[in-house]
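here you go, sequence then predicted model.
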Amino acid sequence: MKDFILHLEKNGYVEKSRQRAEYYAIDYVNWLTQRNLDIKEATYNDLLNYIGHLQVSGSSKHRINESLRNIRLYYDYLQIPNIAYGVKIRGEKHESLPLFSSEELDMIYQRFETKSKKGYWRHSDKIILGFIVYQCLDTRDIFRIELTDLDLNKGTVYIPEGIKRKASRTLKLESHQIIPLYDYIQNHKEKDTTEKLFSPQCTCLGRLQGQLKDLFKQVKAQAREMNLEVVRFNQIRQSRITLWIKQHGLRKTQYMGGFRRVDNVERYRQQDTEDLSQYVRKYHPLQ
């Protein structure tokens, strides 16, 4: 497993995630070994039997899905057919978060003022927030962006392919994002040997996660002053994807969000429908 852990570390996984992946991979391999099975020969039915074993052992749907996510990582590392790809226990309950309108997302970005004391956080906080609000980027998307991925003349940013299920794509920048990006690159970006757009925080995924954790606290507090409840950054991304679906349709949203499969976009439309149903039940309880 040592090489597997090194592989995860190389690809930006923090220690806690590496430990979790190792735990689930070892449990799966040990279960196969006890049945005289080799992972390279294990079949889809063997995987289903393992899931059944977890269910009998009392594992929750959430824990089983977490196990499957990490087993997929191990299969990808081994570069053998990934029989766990797309396998998921249905019915896992997720917290339903309120979605923001386009105007509310603009407000969250436009009114944000960084309170960070670290220079390389202070000068990049609002730019990173803009990538989350307008381009719907997650932590690893931001981590992968390099200077050469920006084309400020065309007003675009290229998002490289991720190691999980994220595809590469080129996204349009909002006009009010371009000048802050230019100013940051010319006057505030650390001049070093790395090509990462955000440096030094993107020389290590843990550093970027530290900045995002601090940034989220600021966004949450400032949004509260606008009577908006930001529970997590993913709520902002869900809101943007839902707006994209309404504006552009599923296929274009699939590209813009970097989703390899259209059914990954469908769940956001389902989320929007669930939110509407909750609204109807709240204000029209007899319906």
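Looks like it came in fine. Residues are numbered from 1 along each chain as shown.

next, name the residue at the spatial heart of the protein.
Centroid-nearest residue in the chain, with Cα atoms, centre = their mean: Asp138, separated by 4.2 Å.

wait, doesn't that one sit right on Arg237?
Yes - with contact defined as Cβ atoms under 8 Å, Asp138 counts as touching Arg237 (6.8 Å). For every residue, glycine as well, the C-beta is placed using N, CA and C.

output the below-cut-off pLDDT ranges for this protein.
91-96, 163-165, 192-193, 263, 266-287 (pLDDT under 70).

try 50 this time
270, 272-287 (pLDDT under 50).

break down it into its helices, ranges please.
Along the chain, the stretches classed as helices by DSSP state H are 2-10, 15-34, 44-56, 61-78, 102-110, 119-122, 125-134, 139-144, 175-187, 205-224, 233-248, 250-257, 263-283.

as a markdown table, those with distance to Leu150 and mean neighbour count would be great.
Formatted as a markdown table, these follow (distance: least, Cβ to Cβ, whole Å; neighbours: other Cβ atoms under 10 Å):
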| stretch | distance to Leu150 | mean neighbour count |
| --- | --- | --- |
| helix 2-10 | 25 | 14 |
| helix 15-34 | 28 | 16 |
| helix 44-56 | 42 | 14 |
| helix 61-78 | 29 | 19 |
| helix 102-110 | 19 | 15 |
| helix 119-122 | 17 | 16 |
| helix 125-134 | 11 | 21 |
| helix 139-144 | 13 | 20 |
| helix 175-187 | 7 | 13 |
| helix 205-224 | 17 | 17 |
| helix 233-248 | 20 | 18 |
| helix 250-257 | 17 | 18 |
| helix 263-283 | 26 | 13 |
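
if we can go back for a sec, what is in contact with Asp138 and Arg237 at once?
Ile132 (Cβ atoms under 8 Å, 6 or more residues apart in numbering).

TSV for the helices of the chain, including distance to Ala84?
As requested, the helices of the chain are exported to TSV (distance: least, Cβ to Cβ, whole Å):
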stretch	distance to Ala84
helix 2-10	15
helix 15-34	9
helix 44-56	6
helix 61-78	5
helix 102-110	35
helix 119-122	38
helix 125-134	30
helix 139-144	20
helix 175-187	38
helix 205-224	24
helix 233-248	23
helix 250-257	22
helix 263-283	16
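
state the distance from the residue nearest to the centre of the chain to Phe131.
Distance of Asp138 to Phe131, computed by Cβ to Cβ, to the nearest Å: 10 Å.

and Tyr158, by the same measure?
Counting by Cβ to Cβ - Tyr158 and Phe131 are separated by 13 Å.

could you do Ile26 as well?
According to Cβ to Cβ, Ile26 stands 36 Å off from Phe131.

how many neighbours does Lys154 have?
For Lys154, the count of nearby residues is 10 (other Cβ atoms under 10 Å).

what of the one 4 residues further on?
Using other Cβ under 10 Å, Tyr158 has 15 neighbouring residues.

so what's the residue nearest to it when sequence neighbours are not counted up against?
Using Cβ to Cβ, 6 or more residues apart in numbering and skipping the chain neighbours, the partner closest in space to Tyr158 is Asp149 (4.2 Å). Applying Cβ under 8 Å, 6+ apart, one finds that Asp149 lies in contact with 157-160, 197.
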